[in-house]
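> Predicted model follows, preceded by the sequence.
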Amino acid sequence: MTLLAAATAVRDRAYAPYSQFKVGAALRGAAGQVFVGCNVENAAYPEGTCAEAGAIAAMIAGGETRIAELLVIADCPSPVPPCGGCRQKIAEFADPGVVVTLATTDGQMKSMTVADLLPGVFTAAHMDRD
Ligand code: THU
């Protein structure tokens with residue numbers, strides 16, 4: 001299954017009664033398996049989770065630790081940009097050159113690299129003191 005098809009399908013299952021903004025994400029792990037996630041909102045608004053976070057949680061639960069490519073889709077006027085927190089979450093598990101595709105349900109697509117999404121990312125290397 002393509003990432004576009006997987007993300008489109010899982011987006012339908014998003015739980016977004018507060019924003020009415022459904023998001024789907026699909027990623028391919030380094031071993032080739034596809035993992036998906038959708039946003040899951042909460043009456044206590046800050047407790048909601050993004051689609052990308054859900055896909056990453058599914059990946060880790062599934063035994064994969066590296067993202068080879070990722071796609072996110074929403075019904076948006078322009079290709080949906082991952083939020084700042086999700087950019088950091090993606091960067092934890094993807095090399096800087098990994099391609100992230102931002103999509104809309106009406107067929108717009110924009111591809112960027114992880115480095116484009118989060119220049120100057122904070123990584124574990126910044127905690128090395130020797
Ligand atoms: N959202 C995502 O799931 N991913 C993004 O990249 C942008 C925003 C969700 C969070 C919230 O449930 C809704 O979209 C509106 O912000």
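Looks like it came in fine. For clarity, every value in this text was computed on a predicted model and none was experimentally measured.
> CA only for contacts and neighbour counts going forward, please
OK.
> Would you tell me which residues of this protein are close to the ligand?
Ala16, Ser19, Phe21, Val23, Asn39, Glu41, Cys50, Ala51, Pro81, Pro82, Cys83 (C-alpha under 6 Å from any ligand atom).
> State the distance from the third one to Ile90.
Same thing as Phe21. 21 Å (C-alpha to C-alpha, to the nearest Å).
> beta partners of the nearest residue in space to Ala94 that is not next to it in sequence?
Nearest in space to Ala94, with sequence neighbours left out and distances taken as C-alpha to C-alpha, 6 or more residues apart in numbering, is Ile67 at 4.9 Å. Beta-bridge partners for Ile67, by DSSP bridges, are Gly29, Ala94.
> okay, now Ile67: neighbour count?
Residues near Ile67, counting by other C-alpha atoms under 10 Å, number 26.
> Ser111 too?
Other residues near Ser111 number 14, with proximity taken as other C-alpha under 10 Å.
> Same question for Glu41.
By other C-alpha under 10 Å, the burial measure for Glu41, its neighbour count, is 21.
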